[in-house]
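1. here are the coordinates; sequence isn't available:
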């Protein structure tokens, strides 16, 4: 069960949550994060109630040893969050919070790997416009170049520049070249590159695992004439490529609610459990406020979410 001791403002994923919520930094000291500080999903130590008890005990002991202000478990399903909540109380955490903080966007893939079936399950109110953007970009010469594992390494500097620019455009600096280079070694890693006469117009860094394609990081060259179509085009070509690989599902990640709703993705609430070694009332209030503000954004697009 991995834990990472990160400075107060050192976790890219948590910083993006604070930016999205429009709140000031919550943490005043180092935080112990379970799982990757870059990833959306957690829960490695919460598959069963006994395992959650062991993980929680280990986390609280590490927090005490290294002076962490909190132990944070993010990207959890409701069941995982409930197990870690119960474990935190049983293991004596001074304060335990179980908060909705994020939304993943999922869509099942047709068994017949054709775009016709993909279009058929796309909301009718947006299908025509999405097909039009995809068709225009395709006719203009945009092509998909899937780069797996070490094939992507020579192309990562160019993609990193686009990914950093796209992330900053949305308010948070999330990525760096070292991150993309190291993750190329992960089985199933792929860079889906959109090219126009060799020029990288956009790309999506993704992972194919257990018949699901997880879209993680994107970068778009908004200065290119086809840049305005590149995101929608990639969000169509990615499932086409995934179907060709035998995938059954695509996970389009977090944020960008409106675009993913238009593309037919279904929202799934993700939760964060926080174990506070000390009964820090101000921190608990700030965390509750962050969850509330993120919920207002999510419910604006998906009013029936169980936030």
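-> Here it is on my side, so go on. Bear in mind that the values here come from a model prediction, so they are computed numbers and not experimental data.

2. Low-confidence stretches in the stretch 101-250 of the chain?
-> Within the stretch 101-250 of the chain, the stretches falling below the threshold (pLDDT under 70) are 170-174.

3. Would you map the strands across it?
-> Taking DSSP state E, counting those that start in this stretch, the strands of the stretch 101-250 of the chain run over residues 142-148, 189-196, 199-209, 212-220, 249-251.

4. Distance to residue 264 and mean neighbour count added to those strands, as CSV?
-> No exception for glycine: its C-beta is placed from N, CA and C like everyone else's. Output for these, formatted as CSV (distance: least, Cβ to Cβ, whole Å; neighbours: other Cβ atoms under 10 Å):
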stretch, distance to residue 264, mean neighbour count
strand 142-148, 20, 17
strand 189-196, 19, 22
strand 199-209, 17, 22
strand 212-220, 14, 23
strand 249-251, 10, 21
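
5. Same list (these) but as CSV, adding distance to residue 32.
-> Rendered in CSV, the data for those read as follows (distance: least, Cβ to Cβ, whole Å):
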stretch, distance to residue 32
strand 142-148, 34
strand 189-196, 27
strand 199-209, 25
strand 212-220, 23
strand 249-251, 26
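
6. of all those strands, which lies closest to residue 68?
-> For the strands of the stretch 101-250 of the chain, the distance to residue 68 is smallest for strand 212-220, at 26.5 Å, taking Cβ to Cβ.

7. what sits up against stretch 179-196?
-> The set of residues that contact stretch 179-196 without belonging to it, under Cβ atoms under 8 Å, 6 or more residues apart in numbering, is 38, 137, 140-150, 152-153, 155-156, 159-160, 163, 200-209, 217, 224, 226, 230, 233-234, 237-238, 241.

8. next one: that stretch to chain centre, how far?
-> Relative to the mean C-alpha coordinate of its chain, stretch 179-196 is positioned 15 Å out (Cα atoms, centre = their mean, to the nearest Å).

9. Give the helix, strand or coil label for residue 279.
-> Of the three states, residue 279 takes coil according to DSSP: H, G, I helix; E, B strand; the rest coil.

10. residues making contact with stretch 120-131?
-> If you take Cβ under 8 Å, 6+ apart as the criterion, stretch 120-131 is touched by 107, 110, 119, 232, 236, 261-264.

11. which strands and helices sit next to the helix or strand hosting residue 260?
-> Following DSSP states H and E, the helix or strand that holds residue 260 is helix 257-262. The contact analysis (3 or more Cβ pairs under 8 Å, 6 or more residues apart in numbering; DSSP states H and E) places helix 257-262 against strand 95-108, helix 227-244, helix 281-301.

12. Which parts of the last one count as buried, going by neighbours?
-> Right, the one you point to is helix 281-301. 283-284, 286-287, 290-291, 294-295, 298 (16 or more other Cβ atoms under 10 Å).

13. still on that earlier bit, any idea which of the contacts of stretch 120-131 is closest to residue 82?
-> The shortest approach to residue 82 among those belongs to residue 107, at 25.9 Å (Cβ to Cβ).

14. The closest one: what's it in contact with?
-> 121, 239, 249-250, 252, 263-266.

15. sorry, back to before: rounded mean pLDDT for the helix holding residue 260, please.
-> Model confidence over helix 257-262, given as mean pLDDT, is 88.

16. Tell me the strands beside whichever helix or strand comes after that helix, with direction?
-> In the C-terminal direction, the helix or strand that comes right after helix 257-262 (DSSP H and E) is strand 266-276. In the sheet containing strand 266-276, its partner strands are strand 71-76 (antiparallel), strand 95-108 (antiparallel), by DSSP bridges.

17. State the distance from residue 307 to residue 128.
-> For residue 307, the distance to residue 128 equals 32 Å [Cβ to Cβ, to the nearest Å].

18. So which of these two has more stuff around it?
-> Each of residue 307 and residue 128 has its neighbours counted (other Cβ atoms under 10 Å); residue 307 has more, 18 against 11.

19. Return the residues in contact with the more buried one.
-> In this structure, residue 307 makes contact with 100, 269, 295, 298-299, judged by Cβ under 8 Å, 6+ apart.

20. Apply 6 Å and report the result again.
-> Residues in contact with residue 307 (Cβ atoms under 6 Å, 6 or more residues apart in numbering) are 100, 295, 299.

21. Please apply the same query to residue 221.
-> Residues counted as contacts of residue 221 (Cβ under 6 Å, 6+ apart) are 162, 201, 227.

22. I'm done for today, thanks for sticking with me.
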